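> I'd like to go over a predicted model; first the sequence, then the structure.
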Amino acid sequence: MDVEAGPKTGFFLDQRRNRGIVRGLAEGRAVLDGFCAAGGFGLYALAGGAKSVLAIDASRPAVETARANAALNGVSGRWEGRRRISSRRFGT
């Protein structure tokens with residue numbers, strides 16, 4: 001945890017069950033990890049056999065943390081991260 005930037009780690013322990021559900025549904029799918037924070041949902045999806053994950057967050061540090069976590073888990077080749085602020089960039 002970065003004590004200078006604040007206490008938010010981006011990894012929420014109360015979401016463990018939900019990440020497990022995503023893992024069970026991910027096989028063979030392309031997954032969007034919106035508001036990715038530390039990338040937990042995307043990493044669980046990849047562990048469950050997702051063919052790819054696109055992780056987005058408005059926070060550059062969050063995307064970089066998720067990118068580092070993907071690298072630590074050996075899934076960088078199937079993981080892509082982008083910083084996005086507005087849904088207008090997605091054509092909505």
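Here it is on my side, so go on.

> phi, psi of Glu27?
Main-chain torsions, Glu27, degrees, to the nearest 10: phi -50, psi 130.

> Ser76 too?
Phi and psi for Ser76, reported as degrees, to the nearest 10, are phi -60, psi -30.

> identify the residue spatially nearest to the most centrally placed residue in the chain, adjacent ones excluded.
For the chain, the residue nearest the mean C-alpha position is Gly39 (2.6 Å; C-alpha atoms, centre = their mean). In this structure, Gly39 finds its nearest non-sequential neighbour in Ala66, 3.0 Å apart by C-beta to C-beta, 6 or more residues apart in numbering. Heads up, the C-betas are built off the backbone N, CA and C, glycines and all.

> check Ile56 too.
Excluding the flanking residues, the one nearest Ile56 by C-beta to C-beta, 6+ apart is Arg84, at 4.7 Å.

> separation between the one you found and Val63?
To Val63, Arg84 is 9 Å away according to C-beta to C-beta, to the nearest Å.

> quick one, which of those two is more surrounded?
Neighbour count, other C-beta atoms under 10 Å: between Arg84 and Val63, Val63 has more, with 20 against 14.

> could you tell me the per-residue confidence at that one?
As predicted, Val63 sits at a pLDDT of 95.

> may I have the secondary structure class of it?
helix (DSSP: H, G, I helix; E, B strand; the rest coil).

> circling back: which of the helices or strands spans the residue nearest to Gly39?
Assessed by DSSP states H and E, Ala66 sits inside helix 60-72.

> helices and strands around that helix, which ones?
If you count contacts as 3 or more C-beta pairs under 8 Å, 6 or more residues apart in numbering; DSSP states H and E, helix 60-72 packs onto helix 40-47, strand 52-57, strand 79-83.

> right, I'll call it a day here.
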